[in-house]
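>>> Got a predicted structure here, sequence first:
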Protein chains: 4
Amino acid sequence: MVIRLDKNAYGKNAINLSKIIRHPDRHEIRQISVDVSLQGDFETAHTEGDNAAILPTDTMKNTVYALAKDRFVASIEDFGISLANHFLDNNPQVSEVKIGLTEYCWQRMQFNGVPDPHSFVNGGSEKHEAGIVQTRQGLILSAGIKDLLILKTTDSAFEGYIKDQYTTLKEAADRILSTSCDISWIYESVPGDPDRLYQEIRESLLQTFAAHKSLSVQHTLFAMGENILKGFSQVKEITFKMPNKHHILFNLQPFGMENNNEVFIATDEPYGYITGTVSRS
Amino acid sequence: MVIRLDKNAYGKNAINLSKIIRHPDRHEIRQISVDVSLQGDFETAHTEGDNAAILPTDTMKNTVYALAKDRFVASIEDFGISLANHFLDNNPQVSEVKIGLTEYCWQRMQFNGVPDPHSFVNGGSEKHEAGIVQTRQGLILSAGIKDLLILKTTDSAFEGYIKDQYTTLKEAADRILSTSCDISWIYESVPGDPDRLYQEIRESLLQTFAAHKSLSVQHTLFAMGENILKGFSQVKEITFKMPNKHHILFNLQPFGMENNNEVFIATDEPYGYITGTVSRS
Amino acid sequence: MVIRLDKNAYGKNAINLSKIIRHPDRHEIRQISVDVSLQGDFETAHTEGDNAAILPTDTMKNTVYALAKDRFVASIEDFGISLANHFLDNNPQVSEVKIGLTEYCWQRMQFNGVPDPHSFVNGGSEKHEAGIVQTRQGLILSAGIKDLLILKTTDSAFEGYIKDQYTTLKEAADRILSTSCDISWIYESVPGDPDRLYQEIRESLLQTFAAHKSLSVQHTLFAMGENILKGFSQVKEITFKMPNKHHILFNLQPFGMENNNEVFIATDEPYGYITGTVSRS
Amino acid sequence: MVIRLDKNAYGKNAINLSKIIRHPDRHEIRQISVDVSLQGDFETAHTEGDNAAILPTDTMKNTVYALAKDRFVASIEDFGISLANHFLDNNPQVSEVKIGLTEYCWQRMQFNGVPDPHSFVNGGSEKHEAGIVQTRQGLILSAGIKDLLILKTTDSAFEGYIKDQYTTLKEAADRILSTSCDISWIYESVPGDPDRLYQEIRESLLQTFAAHKSLSVQHTLFAMGENILKGFSQVKEITFKMPNKHHILFNLQPFGMENNNEVFIATDEPYGYITGTVSRS
């Protein structure tokens, strides 16, 4: 019997960085969290404790801050590609670099319709993500929205499903649909303006969610994916993770009252969890 | 030696409730969390296990959902007062009812400038809070903003402080100021339109934060409080809890680079914590 | 109208510190989080932005680490008193120092009954807390247990309570009682061996919880307090915050099955919240 | 261009369940969280909103509680297999059932060495996990430990690594090693007594961690894996996710003091993240 090292990787996670980008008339604040992960020839580090091929995760952290000065000037997608190139170019023992970036969304304050030049308020749970997988053969770029919490109060039903001995759920022709979704998509190639494209894709996702006559979460998931693939040739495939945020009708009958789809228990657990990838064939 | 029961209270927390309010042309979604707490003559429950004076917390929960049907139609302040009255009126053994309400801020989706009639996106970490303390003698109403995360990239300094043997902090003429603040205020009396007043107070707080030439968190805290008390006669006093969200200059000197107030470590712990109440005398 | 600064304080929270204490035969690991808060004459800092009386929170942090070297050698209570004295002695503008300390409980690993000299495993959610309030007049020392999650599967009932139009809860002669409690007590004076006393009080609390024939959470709360005050003359008063961790009987009747107090839904929200202080008169 | 549905799944997560198992002399409390996920022929649910093949996630939840009564009597591994069989046997449209189970570790209270028959205290952050992947072809069973927080105060070094222009980390011949690890392993076949085997594997992991002269996290990871594969023929492969919980030496030099590996900053972010799988070849 031989014991061997199989798939392995290491890196630094949660490198929390903010940057002020100064324009003549206003400041931008950009706040991100970066994850760096390397794969490569690290076998003797594991088997013999030989660190000669190990770039310390502390150095990865320093590198991210140092490169941010000159190279984090526009989209997180572009900054991530710079980081991936840096680590691959300078580390021959490395075969694959993964960079994950999460951007927190600060919103510029506005007073009487005038944007403030340097003051910001938290932009919600929603984050913009980017992922780079860079090997000697090329790179794969993905982008996504994390923790996008959305809700519609009608145009959502759930009927016609299997009934068995453990069924108690009542069919609903009109219910609240809410999900805190993670959506990510892979680009065919690196787009010219990743930030603008991200905003357009986000807008399309919200529009489909709002307009769709939903017969189930799966039904809406597919419609959202289909519209992205039809509308954006730059997108190769798109993946949805859609945990239900249940709003359950509260039973008012014991109190002699009727609940006409008005009052709900908002509950986090347990939750339905629907995932799916939509692509071209 | 006699052992005695001192101050005590009980209730139900985190009663998570959502409600659809249907207007002819659009739906509203309101999502709140309610805490109910009672004080009164509960001594024998503690000392003898006699529950004759105990309204179960499960019943409090049912009551909140049941009353939400007809009485949660406008502000959380008004709904909270309804709840407080109900519990006080129906429970002679109770001397004080506290109701705490937290409203999550859903934002209506807009497409091409047109508000969607029934679709919403998460409105950020920020919550609108209300608090009612109702006794046989009267009620005290407070409102507030919880988890308001704000940031300014300039017009903030911190200089001229005490230096001692443990000082390493460098004076800063220009720094990032960010805080995830909880702000609450007590009303002189129940206002006519608590929602509109809340929005006006919120706007004033943000404006002061943005415009203030800050010499410290304390300095900005007081300025924010002063402007509220000057601008809103309905507010009796206002209390701020302002934890710093530090953005610390990353030291690029070891790499032969200069950091011109550009690249920062965003860090959660440890954090400065500044609190203060501003009132009239 | 004069606007004035009312009660205010500032400090540094979440100063996360660990220390290795080396004994001839074994190491101790101590991991704590420290909060420092000062009250005093800080009015001009607020009203004029004058920082001449402000000890920066960054310096507080440095001070905690520096003093930990020589003074954090035994209990957190003793270390906290050292810190409080330091800040009060060196800052004439300060009238009150509050120090809060939270200790995470590492458990020494054991193999075949032999304690390992330097390896540890996480000791649970439970934390040991200490609080010092130091003024020019003297100090108040408290200690406590935070996030003590306990459960008993029987000897707990809840019956004989008020029934009204919103009651649906069924009386229970035998139910699960579980709470994630925060318990803190004030000492009459600084005890000689705070760590040993803490362990004895903790043991007594658990014993009462286990042995008590509980007729309600309130009933058990008082019994626990009463036993501490009877058993420990060093304790002046003790305060309990006991949020219910509900385990709700799952209704198996729709499936033609009986639930003989066997299968429960474990749920976090909403939760009953019972608080009380027990003291001597 | 044809848009198509790719990999997809759905189910219910966080089905939180507790059970009292009554023995003549004592009670057991078992608290678990169950995730159910199905793959199969769900295309028309996505493309047409046809729910005829959809077993509602609410029914999955009911099923877990109902089956818990008779089949959750021993290990979570055995209960999970029962659940997987049930869903596969009763749903011809399903090709794969995944069941994930997480058990919270309640520890029985002891007083003067005597175990209490029905009282328990929280057993730490650590959870016991099991995973079942059941298809028409067979099943794969895995088990694991989640959030196992361990620390050693010595016998850990990190030296001899790559130095480059962004290196500031100092080599350490003696440092704290701490990690909050997730460890999971795949069984060759279903073991006879999964609970006992789990405890033996856990003990072996801790022993290796404690005894190993660590030259890096990778070095310790491999040693832990190697010892499991050597000691337990039932284990096919084992995977480690080992985020560093950094304890960073605090710099006392500015205060004229020396830090002889005594006082550390305990910090959560950023963190090193080391992963690896060890198997047989």
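Noted; the coordinates are in hand.

>>> is the longest strand along chain A anywhere near chain B?
Assignment by DSSP state E gives strand A:114-135 as the longest strand of chain A. Yes - for strand A:114-135, a contact with chain B is found by C-beta under 8 Å from any C-beta of the partner chain, at A:116, A:118-126. For glycine as for every other residue, the C-beta is placed from the backbone atoms N, C-alpha and C.

>>> Check stretch A:85-92 too.
No - Stretch A:85-92 does not reach chain B (C-beta under 8 Å from any C-beta); its nearest approach is 13.0 Å.

>>> and that stretch, C-alpha only, in CSV?
Output of stretch A:85-92 as CSV, limited to C-alpha atoms (Å, rounded to 0.1, in the frame of the first residue of the first chain):
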residue,chain,number,x,y,z
ASN,A,85,-0.7,36.7,-14.1
HIS,A,86,1.7,37.9,-11.5
PHE,A,87,1.6,34.7,-9.4
LEU,A,88,1.8,32.4,-12.5
ASP,A,89,4.6,34.4,-14.1
ASN,A,90,6.7,34.5,-10.9
ASN,A,91,6.2,30.9,-9.7
PRO,A,92,7.3,28.2,-12.1
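
>>> list the buried ones in that stretch?
Judged by neighbour count (16 or more other C-beta atoms under 10 Å in any protein chain shown), stretch A:85-92 contains these buried residues: A:85-88, A:91.

>>> Can you name the element that comes right after the helix or strand containing A:Asp35?
A:Asp35 is part of strand A:27-40, with elements assigned from DSSP states H and E. The helix or strand immediately downstream of strand A:27-40 is helix A:43-48, counting by DSSP H and E.

>>> Contacts for that next one, please.
By C-beta atoms under 8 Å, 6 or more residues apart in numbering or on different chains, the list of residues contacting helix A:43-48 from outside reads A:5, A:8, A:50-54, D:216, D:218-219, D:221-222, D:276.

>>> Kindly recompute the last result at 7 Å.
Contacts to helix A:43-48, defined as C-beta atoms under 7 Å, 6 or more residues apart in numbering or on different chains, come from residues A:5, A:8, A:50-51, A:53-54, D:216, D:218-219, D:221-222, D:276.

>>> Same check on stretch A:247-267?
So stretch A:247-267 is contacted by A:174, A:176, A:178, A:246, B:16-20, B:31, B:65-66, B:68-69, C:165-166, C:168 (C-beta under 7 Å, 6+ apart).

>>> Run through the residues of the stretch 151-281 of chain A sitting next to chain C.
Those residues of the stretch 151-281 of chain A that sit near chain C, judged by C-beta under 7 Å from any C-beta of the partner chain, are A:165-166, A:168, A:254-255.

>>> Compare the contacts of helix A:43-48 and tell me which is most surrounded.
Neighbour counts for the contacts of helix A:43-48 (other C-beta atoms under 10 Å in any protein chain shown) peak at D:Leu221, which has 32 neighbours.

>>> sorry, back to before: nearest to chain D among the residues of the stretch 151-281 of chain A next to chain C?
Nearest to chain D among those, counting by C-beta to the nearest C-beta, is A:Tyr166 at 4.2 Å.

>>> what about the closest one, how many neighbours?
If we define neighbours as other C-beta under 10 Å, then A:Tyr166 has 22 of them.

>>> gap between it and A:Leu101?
Counting by C-beta to C-beta, to the nearest Å, the gap from A:Tyr166 to A:Leu101 is 44 Å.

>>> helices or strands up against whichever strand or helix holds A:Asp70?
Using DSSP H and E, the element containing A:Asp70 is helix A:57-71. Under the contact definition 3 or more C-beta pairs under 7 Å, 6 or more residues apart in numbering or on different chains; DSSP states H and E, helix A:57-71 sits against strand A:3-22, strand A:27-40, helix A:76-90, strand B:263-267.

>>> Would you mind listing the buried residues in it?
Buried-residue list, helix A:57-71, by 16+ other C-beta under 10 Å: A:57-69, A:71.

>>> one step back: which one (most neighbours) among the residues of strand A:114-135 next to chain B?
A:Ser119 (26 neighbours).

>>> isn't it right up against B:Ala210?
Yes - A:Ser119 is within contact range of B:Ala210, at 3.7 Å (criterion: C-beta atoms under 7 Å).

>>> Which neighbours do the two have in common?
A:109, B:152.

>>> tell me the contacts of the closest residue to A:Asn8 other than its chain neighbours?
Nearest non-adjacent residue to A:Asn8, counting by C-beta to C-beta, 6 or more residues apart in numbering or on different chains: D:Gly276, 3.5 Å away. When the contact criterion is C-beta under 7 Å, 6+ apart, the partners of D:Gly276 are A:5, A:8, A:46, D:218, D:221-222, D:240.

>>> if we go to 8 Å?
D:Gly276 neighbours (C-beta under 8 Å, 6+ apart): A:5-9, A:46, D:218, D:221-222, D:225, D:239-240.

>>> which pair in the residues you listed spans the largest distance?
Farthest pair in the contacts of D:Gly276 (C-beta to C-beta) is A:Ala9 and D:Gly225. Separation: 14.9 Å.

>>> Show the pLDDT at A:Ala130.
Turning to A:Ala130, the model gives it a pLDDT of 98.

>>> Turn the residues of the stretch 151-281 of chain A next to chain C into TSV, columns for secondary structure and pLDDT.
Converted to TSV, those look like this (DSSP: H, G, I helix; E, B strand; the rest coil; pLDDT from 0 to 100):
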residue	secondary structure	pLDDT
A:Gln165	coil	97
A:Tyr166	coil	98
A:Thr168	coil	97
A:Pro254	helix	97
A:Phe255	helix	98
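
>>> Now, of those, which are buried?
By 16+ other C-beta under 10 Å, those give A:166, A:255 as buried.

>>> Report the closest residue of the stretch 151-281 of chain A relative to chain B.
Of all residues in the stretch 151-281 of chain A, A:Ala210 sits closest to chain B, at 3.7 Å by C-beta to the nearest C-beta.

>>> which residues does the residue nearest to that residue when sequence neighbours are not counted bridge with?
Nearest-residue entry for A:Ala210: B:Ser119, 3.7 Å, with adjacent residues in sequence omitted and distances by C-beta to C-beta, 6+ apart. Beta bridges link B:Ser119 to A:Lys152, judged by DSSP bridges.

>>> Wait, B:Ser119 touches A:Ser156, no?
No - in this structure B:Ser119 lies outside contact range of A:Ser156 using C-beta atoms under 8 Å: 10.5 Å.

>>> what does the stretch 101-250 of chain A have sitting close to chain B?
Near chain B, when you scan the stretch 101-250 of chain A using C-beta under 8 Å from any C-beta, you find A:106, A:109, A:111, A:116, A:118-126, A:148-155, A:176, A:180, A:203, A:206-207, A:209-210, A:247, A:250.

>>> hang on, the earlier thing: settle it for me: which of A:Ala9 and D:Gly225 has more neighbours?
D:Gly225 (28 against 16).

>>> per-residue confidence at that one?
D:Gly225 is assigned 98 on the pLDDT scale.

>>> State the helix or strand in which it lies.
Using DSSP H and E, D:Gly225 falls within helix D:217-231.

>>> moving C-terminal of that helix, what's the next helix or strand?
Next in sequence after helix D:217-231, counting helices and strands by DSSP H and E, comes strand D:235-243.

>>> partner strands of that next one, parallel or antiparallel?
Its sheet considered, strand D:235-243 pairs with strand D:177-187 (antiparallel), strand D:271-280 (antiparallel) by DSSP bridges.

>>> who's in contact with the longest one?
Pointing back at strand D:177-187 there. Counting by C-beta under 8 Å, 6+ apart, C:122, D:125, D:129, D:131, D:140-152, D:156, D:201, D:205, D:214, D:217, D:220, D:224, D:228, D:234-247 sit against strand D:177-187.

>>> and what of stretch A:130-145?
A:75-77, A:80-81, A:83-85, A:88, A:95-101, A:103, A:126-129, A:181-187, A:189-190, A:194, A:197-198, A:201-202, A:205.

>>> Can you tell me which of the residues you listed are buried?
Judged by 16+ other C-beta under 10 Å, buried ones among these: A:75-77, A:80-81, A:83-85, A:88, A:96-101, A:103, A:126-129, A:181-187, A:194, A:197-198, A:201-202, A:205.

>>> Cheers, nothing more for now.
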